[in-house]
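Enquirer: I would like the atomic coordinates for the input below:
(one chain, ligands or ions: 2)
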Amino acid sequence: MSVRVGLLGATGAVGQRFVQLLHDHPTFEIAAVTASPESAGESYRDAAKWRVDTPIPESVAGMTVIETSAEAIPDDLDLLFSSLPSGVAAEVEPELCRAGHVVSSNSSNERMAEDVPLTIPEVNADHLDLIETQRAERGWDGALVKNPNCSTITMTPTLAALDQFGLSRVHVSTLQAVSGAGYSGVTSMEIIDNVLPYIGGEEEKMETESRKLLGSVEDGELSLHDVEVAASCNRVPSLDGHLENVFAELDENPTAAEVHEALADFAGVDLPSAPEQPIHVFEDPERPQPRLDRMRGQGMQISAGGLRETPEGIQYNCLAHNTIRGAAGASVLNGELLVEEGWV
Ligand SMILES: NC(=O)C1=CN([C@@H]2O[C@H](COP(=O)(O)OP(=O)(O)OC[C@H]3O[C@@H](n4cnc5c(N)ncnc54)[C@H](OP(=O)(O)O)[C@@H]3O)[C@@H](O)[C@H]2O)C=CC1
Ligand SMILES: N[C@@H](CC(=O)OP(=O)(O)O)C(=O)O
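Expert: Residues are numbered from 1 along each chain as shown. Ligands and ions are numbered 1, 2, ... in the order given. Model (predicted):
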């Protein structure tokens, strides 16, 4: 079975990751690439200024970039992946869903909307049921599904694994790679020999999106998890890979060995881009590290380590590749889930 996909914002940092991940995908075939009006009409090769560390796929390089609008995007595409700036996505994505397209989006608009599934397949695949609510409320034939923010996606599967011990409060501090800010996001003069202790809006996203992901959907209605999450976000001079220090307060008092087992045993899903084991747990307290561990599971596996019992619960570190598991790979996995569950 071949699913014809369109990439919205295909020339950007995340868009290029989509191209890298999808050009030899077993099911998805890239059939259209879109970008800003300035790039429309150019070849993808010229418009993209390819910056990913594998060669630009020739099958995509020669495609002509089209405008990002419901009129320009062909009707016969089965699925759209979106990595548009959120202000642009907020305008265009609803139009596309109204026109009947199914959109798996990485952009932050509407992530917390009550009728929009915010999904990590290993954590809350059942939240796709919200599509029925969304269609009923918005009158759409298509559908909008989101993946979370890259820092949120790094931590949340580990919290889902710990919830069996009664997750009550989480404190997390992040060390986020520069690629999260986009190619021109932070200048070299800002970040070399430095750490930036503020990333606008990031802390609030971690605090709210995690509660939605860990929450439940029953009869088409969403309830947030009641865990309290407090985040502190920092930009550091690594290129890719967000590292996070988590302090989780739990109702029960599991040993570090029991937590290790819960993380390592966290169940995977049977989808083409999913790692067999979602979370790898290191014994070595010096791991995970961004440069050494971000490409585990082709960039889709989350790593954890440094487990330590505290009076309130457990402390540990976790890591994920922010533009693969945290962005393009996350949308692709949601796209695979949409196909598997018959929404595409
Ligand atoms: N899940 C996550 O945590 C992550 C999410 N993101 C999100 O993904 C999105 C893209 O990020 P990133 O790839 O870094 O951004 P870039 O700026 O690198 O790319 C933006 C893309 O959108 C296109 N674009 C810009 N303006 C318009 C417009 N007016 N109309 C149509 N297309 C437009 C650009 O085309 P052109 O080349 O022509 O300018 C380009 O293809 C953002 O919303 C970002 O917040 C990013 C990283 C991680
Ligand atoms: N803010 C994230 C990347 C990002 O774009 O997040 P979001 O998709 O929530 O806007 C980072 O800096 O690493």
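Enquirer: tell me how many other residues crowd the residue in the stretch 151-300 of the chain that ligand 1 sits nearest to.
Expert: In the stretch 151-300 of the chain, no residue comes nearer to ligand 1 than Gly182, which is 3.4 Å away by Cβ to the nearest ligand atom. Just so you know, the C-beta spots here come from the backbone N, C-alpha and C atoms, and that holds for glycine as well. By other Cβ atoms under 10 Å, 13 other residues sit near Gly182.
Enquirer: now do the contacts for it.
Expert: 12-13 (Cβ atoms under 8 Å, 6 or more residues apart in numbering).
Enquirer: how close does it get to Leu80?
Expert: Distance, Gly182 to Leu80, by Cβ to Cβ, to the nearest Å: 21 Å.
Enquirer: same check on Arg235?
Expert: 30 Å.
Enquirer: identify the residues contacting the residue of the chain found nearest ligand 2.
Expert: Taking Cβ to the nearest ligand atom, ligand 2 has its nearest neighbour within the chain at Gly180, 1.9 Å off. Counting by Cβ under 8 Å, 6+ apart, Gly180 touches 150-151, 199, 235, 242, 322-323, 326.
Enquirer: now render those residues as CSV, adding pLDDT and neighbour count.
Expert: Shown next, in CSV, are those (pLDDT from 0 to 100; neighbours: other Cβ atoms under 10 Å):
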residue, pLDDT, neighbour count
Cys150, 98, 27
Ser151, 98, 27
Ile199, 98, 20
Arg235, 98, 24
His242, 98, 31
Asn322, 97, 28
Thr323, 96, 29
Gly326, 98, 31
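Enquirer: identify the residue nearest Arg308 in space, chain neighbours excluded?
Expert: Take Arg308 and drop its neighbours on the chain: the residue closest to it by Cβ to Cβ, 6 or more residues apart in numbering is Gln315, 4.6 Å away.
Enquirer: burial of the one you found, as a residue count?
Expert: 17.
Enquirer: got phi/psi on the closest residue to ligand 1 within the chain?
Expert: Nearest residue of the chain to ligand 1, counting by Cβ to the nearest ligand atom: Gly12, 1.9 Å away. Gly12 adopts backbone torsions of phi -80, psi -180, taken as degrees, to the nearest 10.
Enquirer: all further residue positions should be reported with the first residue as 183.
Expert: Understood, numbering begins at 183; the last thing we discussed is Gly194.
Enquirer: list the residues that contact it.
Expert: 217, 265, 364-365.
Enquirer: repeat the analysis, applying 7 Å as the threshold.
Expert: Counting by Cβ atoms under 7 Å, 6 or more residues apart in numbering, Gly194 touches Ser265.
Enquirer: Val441 now?
Expert: Contacts of Val441 were listed using Cβ under 7 Å, 6+ apart, and they are 344, 489, 496.
Enquirer: show residues contacting stretch 470-483.
Expert: 359, 420, 422-423, 425, 455-457, 459-460, 462, 464, 469, 485, 487, 499, 501, 503, 506-507, 511.
Enquirer: for ChimeraX, what selects the buried ones among these?
Expert: For the buried members of the contacts of stretch 470-483, the matching ChimeraX selection, counting by 16 or more other Cβ atoms under 10 Å, is:
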select :359,420,422,423,425,455,456,457,459,460,462,464,469,485,487,499,501,503,506,507,511
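Enquirer: among the contacts of stretch 470-483, which are in helices?
Expert: Judged by DSSP state H, the contacts of stretch 470-483 include Gly511 as members of helices.
Enquirer: the contacts of Gly362 in strands, which ones?
Expert: Among those, DSSP state E puts His424 in strands.
Enquirer: go back to the contacts of Gly362 and keep what's next to ligand 1.
Expert: Restricting those to those near ligand 1 by Cβ under 6 Å from any ligand atom leaves 332, 504-505, 508.
Enquirer: which among the residues you listed gets closest to Ala295?
Expert: Comparing the ones next to ligand 1 among the contacts of Gly362 against Ala295 with Cβ to Cβ picks out Cys332 as the nearest, at 19.5 Å.
Enquirer: pretty sure that closest one sits against Asn504.
Expert: Yes. Taking contacts as Cβ atoms under 7 Å, Cys332 lies within contact range of Asn504: 4.0 Å.
Enquirer: list residues touching both of the two?
Expert: 362, 424.
Enquirer: so how far is Val352 from Asp447?
Expert: Asp447 is 20 Å from Val352, by Cβ to Cβ.
Enquirer: of these two, which one has the most company?
Expert: Val352 (26 against 11).
Enquirer: state the pLDDT value of that one.
Expert: With respect to pLDDT, Val352 scores 98.
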